[in-house]
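>>> coords below, sequence missing:
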């Protein structure tokens with residue numbers, strides 16, 4: 001069975017956006033470290049503030065999309081804000097300017113993410129929720145593969161190798177990366193249709209008063225299982241700091257800039273290939289087991305990154321980390337949909353993404369200081385331990 005028009009074109013939007021975002025922002029930690037000579041704790045602070053503070057908007061935008069019964073307008077606004085922020089990185093000469101651009105970009109993500117995820121859910125039948133989110137995650141990550149490959153080529157051409165990123169290479173990447181971001185907004189405007197009151201029946205997967213399978217809601221608010229799941233996700237995320245620390249870990253093991261970008265190509269390629277099969281399995285066998293498998297893979301990858309000493313270790317562990325994302329990311333979003341009523345999906349996704357985003361601020365601060373005070377391996381040992389605690393809580397406390 002195929003996918004709805006909305007699910008497909010929202011996937012195209014995410015693909016184009018990730019081409020742009022991964023090209024540009026994957027290299028921001030190295031731009032800060034190599035060009036602006038910023039310390040590791042400051043890089044952790046920038047990443048944490050960008051992800052954490054902007055996440056407050058995810059609740060507001062999700063709630064507003066529920067109240068309006070409209071998702072597309074907020075989604076367009078969010079993608080547009082991020083697109084408009086990116087060109088300013090070309091002119092950045094201080095870490096404060098980089099932090100401001102990174103923050104505005106994440107504000108755009110905060111505005112768009114919850115309405116977009118709710119629009120995906122609204123456009124998919126309940127029995128294919130995992131499949132639809134799997135496709136969306138897979139296309140999103142395919143964009144990352146393309147973007148990182150293009151960035152690696154640009155770096156190689158502009159600076160001919162070298163361990164450190166140069167300003168010229170970064171500025172060239174920013175200019176090229178703006179193009180797919182603009183295309184993403186245009187696709188969203190012209191090819192994605194609103195699902196709301198009076199929408200074409202082809203886009204309405206179920207009536208507004210129909211509960212997804214297994215969803216329970218009390219008169220006071222969301223199902224207790226949903227709240228408990230959010231708490232467990234917070235525990236997990238406290239050990240899952242910004243991927244900037246993966247970049248810095250590879251850099252500490254003498255990977256060049258093109259090699260680091262190719263590491264992320266491998267990571268995202270595995271992610272893209274695993275996302276749809278994981279969603280299909282979760283539709284048939286349930287979400288809980290798939291999420292636990294994904295978190296177990298994450299713990300193994302982080303333990304490996306803590307003790308890695310050879311280049312082949314890092315290549316293997318980045319692929320393993322991509323497998324975690326492919327297995328768990330889309331399925332976790334589908335699990336949220338299983339736990340909440342249709343008319344509150346936007347708010348639920350806002351709460352979910354905010355729980356993750358706000359946790360990233362202390363997570364990145366903790367990782368930065370653990371790295372600074374103990375060593376590069378410390379944040380990864382901590383992340384594996386937090387994943388183990390989250391898995392235990394998920395297995396013991398949440399029924400499917």
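Yep, it's here. Predicted model only: the values in this text are computed from it and were never measured.
>>> and the nearest residue to residue 279 once chain neighbours are set aside, what pLDDT?
The shortest distance from residue 279 to any residue other than its chain neighbours is 2.5 Å, reached at residue 134 (Cβ to Cβ, 6 or more residues apart in numbering). Quick note: C-beta positions are derived from backbone N, CA and C, even for glycine. Note on residue 134: pLDDT of 84.
>>> name the helix or strand for the residue lying closest to residue 56 once chain neighbours are set aside, please.
Nearest non-adjacent residue to residue 56, counting by Cβ to Cβ, 6+ apart: residue 354, 6.4 Å away. According to DSSP states H and E, residue 354 maps onto helix 345-373.
>>> the inter-axis angle of the helix or strand that that helix is followed by versus helix 345-373?
Per DSSP H and E, the first helix or strand lying C-terminal to helix 345-373 is helix 378-397. Put simply, helix 378-397 runs at 140 degrees to helix 345-373, going by axes from the mean of the first three to the mean of the last three Cα atoms, to 10 degrees.
>>> other residues contacting helix 378-397?
Here helix 378-397 makes contact (Cβ atoms under 8 Å, 6 or more residues apart in numbering) with 228-229, 231-233, 235-236, 238-241, 245, 249, 288, 291-292, 295-296, 298-300, 302-303, 305-306, 366-368, 370-371.
>>> and those, which of them are buried?
Neighbour counting by 16 or more other Cβ atoms under 10 Å classes 229, 232-233, 235-236, 238-241, 245, 249, 288, 291-292, 295-296, 298-300, 302-303, 305-306, 366-368, 370-371 among these as buried.
>>> what about those residues, which are in helices?
229, 232-233, 235-236, 238, 245, 249, 288, 291-292, 295-296, 298-300, 302-303, 305-306, 366-368, 370-371 (DSSP state H).
>>> before we move on, back to that, report the mean per-residue pLDDT for the helix holding residue 354.
86.
>>> over to stretch 267-285?
Mean predicted lDDT for stretch 267-285 stands at 89.
>>> list of residues touching it?
With Cβ under 8 Å, 6+ apart, stretch 267-285 has contacts from 22, 127-135, 137-139, 141-142, 144-145, 148, 290, 294, 318-323, 325-331, 334-335.
>>> recalculate using a threshold of 7 Å.
127-131, 133-135, 137-138, 141-142, 144-145, 148, 290, 318-319, 321-323, 325-327, 330-331, 334 (Cβ atoms under 7 Å, 6 or more residues apart in numbering).
>>> quick one: list the elements packing against the strand or helix carrying residue 13.
Per DSSP H and E: residue 13 is located in helix 5-25. If contacts are counted by 3 or more Cβ pairs under 7 Å, 6 or more residues apart in numbering; DSSP states H and E, helix 5-25 sits against helix 95-122, helix 129-159, helix 167-191.
>>> the inter-axis angle of the first one versus helix 345-373?
I take that to be helix 95-122. Using the same axes, to 10 degrees: helix 95-122 against helix 345-373 is 140 degrees.
>>> helix 95-122 versus helix 5-25: what angle between them?
160 degrees.
>>> mean confidence for helix 95-122?
pLDDT averaged over helix 95-122 gives 91.
>>> buried set for it?
95, 98-122.
>>> ditto for the shortest one
Judged by neighbour count (16+ other Cβ under 10 Å), helix 167-191 contains these buried residues: 169-174, 176-178, 180-181, 183-185, 187-188.
>>> for stretch 72-84, same thing?
72, 74, 75, 76, 77, 78, 79, 80, 81, 82, 83, 84.
>>> could you pull up the residues touching the last one?
For residue 84, the contact set (Cβ under 7 Å, 6+ apart) is empty.
>>> now swap in the fifth one and tell me
For residue 77, the set of contacting residues under the criterion of Cβ under 7 Å, 6+ apart consists of residue 111.
>>> next up, phi/psi of it, please.
Dihedral pair for residue 77: phi -60, psi -50, per degrees, to the nearest 10.
>>> how near is it to residue 86?
16 Å (Cβ to Cβ, to the nearest Å).
>>> just the third one next, same as before
Between residue 75 and residue 86 the distance is 18 Å, computed by Cβ to Cβ.
>>> then the second one?
Counting by Cβ to Cβ, the gap between residue 74 and residue 86 amounts to 20 Å.
>>> same check, this time on the fourth one
Distance check for residue 76 against residue 86: by Cβ to Cβ, it reads 16 Å.
>>> point out where the stretch 151-300 of the chain drops to low pLDDT.
161-163, 196-221 (pLDDT under 70).
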